[in-house]
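Asker: Need coordinates for the below:
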Amino acid sequence: MKRILVPMILAAIPALGGGFYVELGSPSGRSDPKAKGAVMLARLTGCHNPENGKLAAVAEGMVNGERRSIAIEPIALDSPGLYAIPKAWPNEGKWTVRLVGRHPSFDRPTSAVVRVEGDSFHRKDAKYVPGADGAQEAADMLR
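Answerer: Have a look, this model is predicted:
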């Protein structure tokens, strides 16, 4: 039993030592003028200087039965690792926003996928996907 348990514990230690994540927040009450008009905020967080990471964003939707993708340019705010996400999708159809963080200290991305409607996002329905780009979760939300 010890032969199995010790390697399993040792293998789990790096996973417990930290990570890299995307968090979602509301832009209301932000004094940074670059956040004006943003639908949501995204923060890169975790250990290993998360502010050194890069964030990419894509709106993925279904409009009249047709799949669409629209690149979104996250706006870096004054607080390191914090980004404003502007609206880049039309009001018609069903849409998600997929946020993908990449960091030079990690070989895999981390992501958050959230359903959006008009100028609002549904944080309670968000899916956080460490170690993947969230493409499958976005596709699942659009079904």
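Asker: Next, the buried residues of stretch 118-128.
Answerer: 121, 126-128 (16 or more other CB atoms under 10 Å). In this view, the C-beta of every residue, glycine as well, is placed from N, C-alpha and C.
Asker: er, stretch 66-76 I mean
Answerer: 72, 74-75.
Asker: average pLDDT for that stretch?
Answerer: Mean per-residue pLDDT for stretch 66-76: 98.
Asker: what sits against residue 74?
Answerer: Applying CB atoms under 8 Å, 6 or more residues apart in numbering, we find residue 74 in contact with 42, 55-57, 83-85, 99.
Asker: can we see that at 10 Å?
Answerer: 38, 41-42, 54-57, 82-86, 99 (CB atoms under 10 Å, 6 or more residues apart in numbering).
Asker: from these, which is closest to residue 139?
Answerer: residue 99 (15.5 Å; CB to CB).
Asker: bridging residues for the closest one?
Answerer: Beta-bridge pairing of residue 99 under DSSP bridges involves residue 57, residue 112.
Asker: Might you list the low-confidence residue ranges for this protein?
Answerer: 1-18 (pLDDT under 70).
Asker: one step back: so of the contacts of residue 74, which ones are in helices?
Answerer: Nothing among the contacts of residue 74 maps onto helices, per DSSP state H.
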